[in-house]
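# Need a 3D model of the sequence below.
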Amino acid sequence: MGNRPESEEKLLIPALFLSQLSTRPIGILMGFILTDIALTFNTTVGTAGQIVTAASFTGLIISPFLAVLSIKIPPRKLLLLGEAAITISAIGCSFASDYISMLLMYSVSGLGAAIVTPMILTIIGEKIIEDKRAGIIGLIMASTPMLSTLAGLLISYVVREGWQNAFRFYVFPILLMTLIFTFFILPQTSNTISTVENTGYMDLFKKIVGYRSALACLLGSILTTIASGGIIWYFISFYKETFGISTAIVGLIWSVNTFVNVVGSLLCGKIIPRFGNKFVTYVSSIFIGLSIVFLIHVQNYLLAIVIGLFFPFFSALWGASSNALALKQVPEYKGAMMSLNMGATQLGRSLGSFIGGVALNIGGYSLMGITFCIVSLLAFLIVYFISLEN
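Model prediction:
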């Protein structure tokens, strides 16, 4: 990092910040327009919601293929490819003529997002010295909750002219801007093609998955995101159904939660270097679970709102520290490791919504909270006893 021009170093972080931000506008918009899409294509909201599920599934299945591509192709090129895919998806969604074409075009954004985030982390591993990585990861990951908070305030104006125009005049310009900025500003990156030619692709996967510490990081990511990703789907409904809180107040709670997530992300650079990636990762995992189970079981809604602020804070710390820890596991294959780690978090989020829903149907919010807490405890034990700081 010290050999690069100072101007290049200063522009690297904004380029990566905007690149990560590009993964979010299309998803934020979808959260607000599912009912409109259902009306347009004469279907139910539940069926329209499967458009989002398909995008997540696409991101999940691309991860092992990306692990291979990341060794043959420099991360900068893959990052640009991912941003281009999300940009194409946005304009394609705006012209979708039926449900199937909308599902297919939106799925392309899931593919793009699954490429962008791992490549950002790979570039951080390549360009940023180890002591600064966690703080930089936290800063860059703060881009998406920042946008979520802002979008919540402006979304009524964004969708005023129809959801198709929201894709054309809100999402597409943001994505095009980030793509152009990344293309001209982000410095060139290297790859590990010579190494993999001698190793072989199957040997690569065996090395990553066969390394107990790397596998522990992947399992920890799956389990923690089952809890942290799963509760996101249900905590708003919990407030409304348990305490009868109005939609307007719940919207305010959502904004405060995203703001707390931003604060947690920005504090990563202060907290993680002091305590270490592994320590913050496993402590955050257990606090995520504890905050969820306490949230579900308190009787006072004001106390529930306060406790509910803990899991977005610790989720931010966990996101930065766990990614920084994963980056250290197999240094010669950073891109492959981060691609698999992204797949692990995608799988965790998908399982979180499913497991949370099953627990909710069987035993209500109480069982769901206990389940997420147990899963977080398992993540804590795996990372604590098996993962290595290296």
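
# Does Ala304 touch Phe235 like I think?
No. The criterion here is CB atoms under 8 Å, and Ala304 misses it with Phe235 at 9.5 Å. For every residue, glycine as well, the C-beta is placed using N, CA and C.

# Overlap in contacts, these two.
Applying CB atoms under 8 Å, 6 or more residues apart in numbering, one finds that Ala304 and Phe235 are jointly contacted by Leu295.

# more neighbours, these two?
Phe235 (24 against 21; other CB atoms under 10 Å).

# can you list the weak-confidence ranges in this structure?
1-9, 31, 45-46, 151-156, 189-204, 247-248, 390 (pLDDT under 70).

# max-length helix in the chain?
Longest helix in the chain, counting residues (DSSP state H): helix 334-386.

# Point out the other helices and strands that that helix packs with.
helix 45-72, helix 99-127, helix 201-210, helix 212-243, helix 277-297, helix 310-327 (3 or more CB pairs under 8 Å, 6 or more residues apart in numbering; DSSP states H and E).

# How is the protein divided into domains?
1-183, 200-390 (automatic domain parsing).

# Relative to Leu388, which of the helices and strands packed on helix 334-386 is closest?
Checking the helices and strands packed on helix 334-386 against Leu388 by CB to CB gives helix 212-243 as the closest, at 4.1 Å.

# Following the chain onward from the closest one, which element is next?
helix 247-275 (DSSP states H and E).

# Can you give me the buried ones in that next one?
250, 253-255, 257-262, 264-269, 271-273 (16 or more other CB atoms under 10 Å).

# Repeat that for stretch 348-365.
Buried residues in stretch 348-365 (16+ other CB under 10 Å): Gly348, Arg349, Ser350, Leu351, Gly352, Ser353, Ile355, Gly356, Ala359, Leu360, Tyr365.

# that older thread, any idea how far the longest helix of the chain is from the middle of the chain?
14 Å (CA atoms, centre = their mean, to the nearest Å).

# let's have the chain start at 204 instead
Let's use 204 as the start, then, which means that last one is helix 537-589.

# relative to helix 302-330, how tilted is that helix?
80 degrees (axes from the mean of the first three to the mean of the last three CA atoms, to 10 degrees).

# Now do helix 537-589 against helix 480-500: the angle between them, please.
70 degrees.

# quick one, helix 537-589 and helix 513-530 angle?
Using the same axes, to 10 degrees, helix 537-589 lies at 110 degrees relative to helix 513-530.

# between helix 537-589 and helix 248-275, how many degrees?
100 degrees.

# Spell out the secondary structure type for the nearest residue to Lys481 once chain neighbours are set aside.
Spatial nearest neighbour of Lys481, excluding adjacent residues (CB to CB, 6 or more residues apart in numbering): Glu592 at 4.8 Å. With DSSP: H, G, I helix; E, B strand; the rest coil as the basis, the three-state label of Glu592 is coil.

# and the gap between Glu592 and Phe575?
27 Å (CB to CB, to the nearest Å).

# neighbour-wise, which of those two wins?
Using other CB under 10 Å, the more surrounded residue of Glu592 and Phe575 is Phe575, with 31 against 12.

# Would you quantify the distance from the more buried one to Ala562?
From Phe575 over to Ala562 (counting by CB to CB), the distance is 8 Å.

# what's the closest non-adjacent residue to Val466?
Going by CB to CB, 6+ apart, Val466 has Phe516 as its nearest residue, at 6.9 Å.

# Kindly report the same for Glu364.
Nearest residue to Glu364, sequence neighbours excluded (CB to CB, 6+ apart): Phe372, at 7.6 Å.

# where's that neighbour relative to His500, distance?
45 Å.

# same deal with Phe387?
52 Å.

# again with Lys213
From Lys213 to His500 the distance is 48 Å (CB to CB).

# Of those two, give the one with the bigger neighbour count.
His500 (13 against 9).

# wait, doesn't Trp457 sit right on Ser440?
No. Judged on CB under 8 Å, Trp457 makes no contact with Ser440 at a distance of 12.0 Å.
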